Structure formats: C-alpha cells, structure tokens
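Asks: I would like the atomic coordinates for the input below:
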Amino acid sequence: MNKLIHIGFGNIVNTGKIIAIVSPDSAPIKRMVQNAKEKGMAIDATQGRKTKSVLVMENSQLVLSALLPETIAGRAQVSSGEENLSGGEEDE
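Replies: Predicted structure coming up:
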C-alpha cells in the first residue's frame, strides 16, 4: 500500500506517485511551473504562501508546496522507513 505524506496546510500526496521534489528557484523549474499552470497541470497547495518546493508527479502534474524540499523528503523517507520496519517484522 502506498504511503501518504503531509505537504502543508492539510494537503496530502501519495509518495508512490512522486518522481522528484525540487526547489522552484532555478529558471528551468520556473518555466516548468509556468507551463504546467498554463496547461492546467499544476496543483497549488501553498494556500497563498511562497512556493518553496515543487513535487513532480508520475502523471506529469506538478504540486506546489510551501514546505522546503528537505522537509518533504524527510517525511517521505520516514514514511518508507516505517514500511520497511513493519515488513521485516512480518517475515519473522
């Protein structure tokens, strides 16, 4: 079963669908976000705050978050770490 992580302000994403978590500061990422907004493929989960990370999803959608990429990545790693621990206990 895929894990869900909190990306800020009550918004949750499926970790199994995330390809990358990137900072929105570089010009190529800014262009990618602008293109996604024009095509309706951007999901703004910032609640009006500054975008601090961009999640690139499997279906080419972008999810904009007000949390830092390191924060989201840490939550995703903790989520997958818990899954691995529980999986190891079931095997014994």
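Asks: Tell me the buried residues in the strand or helix carrying Ile29?
Replies: Element membership for Ile29 (DSSP states H and E) is helix 27-39. Buried residues in helix 27-39, defined by neighbour count with 16 or more other CB atoms under 10 Å: 29, 32-33, 36. C-beta: built from backbone N, CA, C; applies to glycine.
Asks: For the host helix or strand of Val54, enumerate the helices and strands it packs against.
Replies: Secondary structure assignment for Val54, by DSSP H and E: strand 53-57. Where contact means 3 or more CB pairs under 8 Å, 6 or more residues apart in numbering; DSSP states H and E, strand 53-57 is packed against strand 18-22, helix 27-39, strand 62-65, helix 69-91.
Asks: try it again with 10 Å
Replies: For strand 53-57, the packing partners by 3 or more CB pairs under 10 Å, 6 or more residues apart in numbering; DSSP states H and E come out as strand 4-8, strand 11-14, strand 18-22, helix 27-39, strand 42-44, strand 62-65, helix 69-91.
Asks: Report the mean confidence score over the longest one.
Replies: This points to helix 69-91. For helix 69-91, mean pLDDT rounds to 70.
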